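1. Here is my input, please return the structure:
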Amino acid sequence: MAKPLLPDELWNFIEPLLPARTPSPKGGRPRLSDRAALTGILFVLKTGIPWEYLPQELGCGSGMTCWRRLRDWQQAGVWQRLHLAMLHRMREYDQIHWERASVDSASVPSPHGGTLTGSNPTDRGKFGCKHHLIVDQRGLPLVVQISGANVHDSQMLCPLINALPLVAGLSGHPRRRPDKLHADKGYDYACYRRWLRQRGITPRIARRGQESKERLGRYRWVVERTIGWLHRYRRLHIRYERRAEIHLAFLYLACSLICWRFIQRFC
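-> Residues are numbered from 1 along each chain as shown. This next block holds a predicted model:
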C-alpha cells in the first residue's frame with residue numbers, strides 16, 4: 001500500500017499553523033478543505049507536474065485552487081512558521097547540533113526567467129536560480145534563501161547568517177548562531193572571516209591555493225547531501241515559477257518535510 005502524501009501526524013502538526021477562514025456571508029460554492037489543498041501542493045512538489053495536470057482522482061480540487069492556497073499561505077507566512085515550528089520541536093529534544101554548521105548553494109535552471117533569476121555563467125548564460133542553504137552538523141536545514149544564478153555564493157553569506165531563526169525549546173535563551181561554520185573556497189574572503197568572528201562564529205573556510213578541497217569535506221558533505229534531498233522534490237529540480245515567492249514557498253515546504261523526517265527519527 002502506498003504511503004499517504006499527508007499522514008495524520010504531519011497534518012495535526014501543520015493544521016494549527018494555517019490561518020482561519022471566515023465563511024462568506026453570501027454563501028457560494030463550498031470551499032476546498034485545507035487538507036485536500038495541501039495534499040495537492042505536496043503532490044506537485046514531489047512529482048513536479050504542471051498544476052493543470054493535477055489528477056482529479058486525488059480529490060484535491062483544481063490545480064489553480066491549490067496554487068492560490070500555496071500563494072495565500074506564503075503571503076501569510078505559513079511556510080516559514082512551519083519550518084520554525086519544526087526546528088523548535090527538534091530543539092525541545094536537544095537534537096539541533098549547533099557545534100558545526102555548513103553553508104553551500106546549488107544552481108537550478110529557470111527556463112521561464114522571473115524575479116531572482118539571472119544568467120548562469122556555468123550554463124552558457126541560460127536563466128537560472130540558486131538555492132542557498134545553511135545546515136547543522138547532521139544536515140538539518142536551518143535557513144534557505146534564493147538568488148539569481150549570476151550572484152556569487154559569498155554575497156549571500158551575510159544574508160543567510162542574519163536570516164538564521166531564533167530557535168527556542170530548551171531552558172535558557174533561544175539560540176541562533178552555530179559555533180563554527182564550514183564553507184568551500186567560494187567564501188574565502190578576509191572580510192567574511194572577520195564578520196563571522198564578530199558574531200561569535202568561528203569560520204572554517206577552505207583557503208584558495210593552500211588547502212586541499214578534501215580537508216574540510218568530512219564536515220561539509222552534509223550540506224551537499226541536504227541539497228540532494230531537496231532536489232529529489234522534482235518541483236525544485238527546475239524552477240518553473242516566475243514569481244520568486246512561490247518558488248521559495250516550495251523550498252521552505254521541502255525543508256520542513258526534511259525536518260519532519262528528522263523529528264520522526266530523533267524525537
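2. Run through the helices of the stretch 1-150 of the chain in chain order.
-> 8-14, 34-47, 63-75, 78-92 (DSSP state H, counting those that start in this stretch).
3. Rebuild those helices as a markdown table, extending it with mean neighbour count and distance to Arg225.
-> Placement of C-beta: from N, CA and C, glycine included. Putting those into a markdown table (neighbours: other CB atoms under 10 Å; distance: least, CB to CB, whole Å) gives the following:
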| stretch | mean neighbour count | distance to Arg225 |
| --- | --- | --- |
| helix 8-14 | 14 | 22 |
| helix 34-47 | 20 | 19 |
| helix 63-75 | 18 | 27 |
| helix 78-92 | 20 | 17 |
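4. Tell me which of those helices lies nearest to Pro174.
-> helix 78-92 (8.3 Å; CB to CB).
5. Please save the CA atoms from that closest one in PDB.
-> In PDB, the C-alpha atoms belonging to helix 78-92 read as follows (Å, rounded to 0.1, in the frame of the first residue of the first chain):
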ATOM      1  CA  VAL A  78       2.800  29.900   7.000                       C
ATOM      2  CA  TRP A  79       5.700  28.100   5.400                       C
ATOM      3  CA  GLN A  80       8.300  29.900   7.400                       C
ATOM      4  CA  ARG A  81       6.300  29.400  10.600                       C
ATOM      5  CA  LEU A  82       6.100  25.700   9.800                       C
ATOM      6  CA  HIS A  83       9.800  25.400   9.300                       C
ATOM      7  CA  LEU A  84      10.500  27.300  12.600                       C
ATOM      8  CA  ALA A  85       8.000  25.100  14.400                       C
ATOM      9  CA  MET A  86       9.900  22.000  13.200                       C
ATOM     10  CA  LEU A  87      13.100  23.500  14.500                       C
ATOM     11  CA  HIS A  88      11.500  24.300  17.800                       C
ATOM     12  CA  ARG A  89      10.400  20.600  18.100                       C
ATOM     13  CA  MET A  90      13.900  19.400  17.300                       C
ATOM     14  CA  ARG A  91      15.400  21.800  20.000                       C
ATOM     15  CA  GLU A  92      12.900  20.600  22.600                       C
END
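6. can you list contacts of it?
-> 13-14, 17-19, 73, 96, 140-142, 165, 167-170, 175, 248-249, 252-253, 255-256, 259-260, 262-263, 266-267 (CB atoms under 8 Å, 6 or more residues apart in numbering).
7. how about the helices of the stretch 1-150 of the chain in TSV, adding distance to Arg242?
-> Below are the helices of the stretch 1-150 of the chain laid out as TSV (distance: least, CB to CB, whole Å):
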stretch	distance to Arg242
helix 8-14	27
helix 34-47	16
helix 63-75	12
helix 78-92	18
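8. could these go into CSV alongside mean pLDDT and distance to Lys126?
-> Converted to CSV, these look like this (pLDDT from 0 to 100; distance: least, CB to CB, whole Å):
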stretch, mean pLDDT, distance to Lys126
helix 8-14, 97, 36
helix 34-47, 97, 24
helix 63-75, 97, 25
helix 78-92, 97, 28
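9. Gly228: which of those helices is closest?
-> Checking those against Gly228 by CB to CB gives helix 34-47 as the closest, at 15.1 Å.
10. So what's the gap between that closest one and the chain middle?
-> 16 Å (CA atoms, centre = their mean, to the nearest Å).
11. for the chain, which helix is longest?
-> helix 244-266 (DSSP state H).
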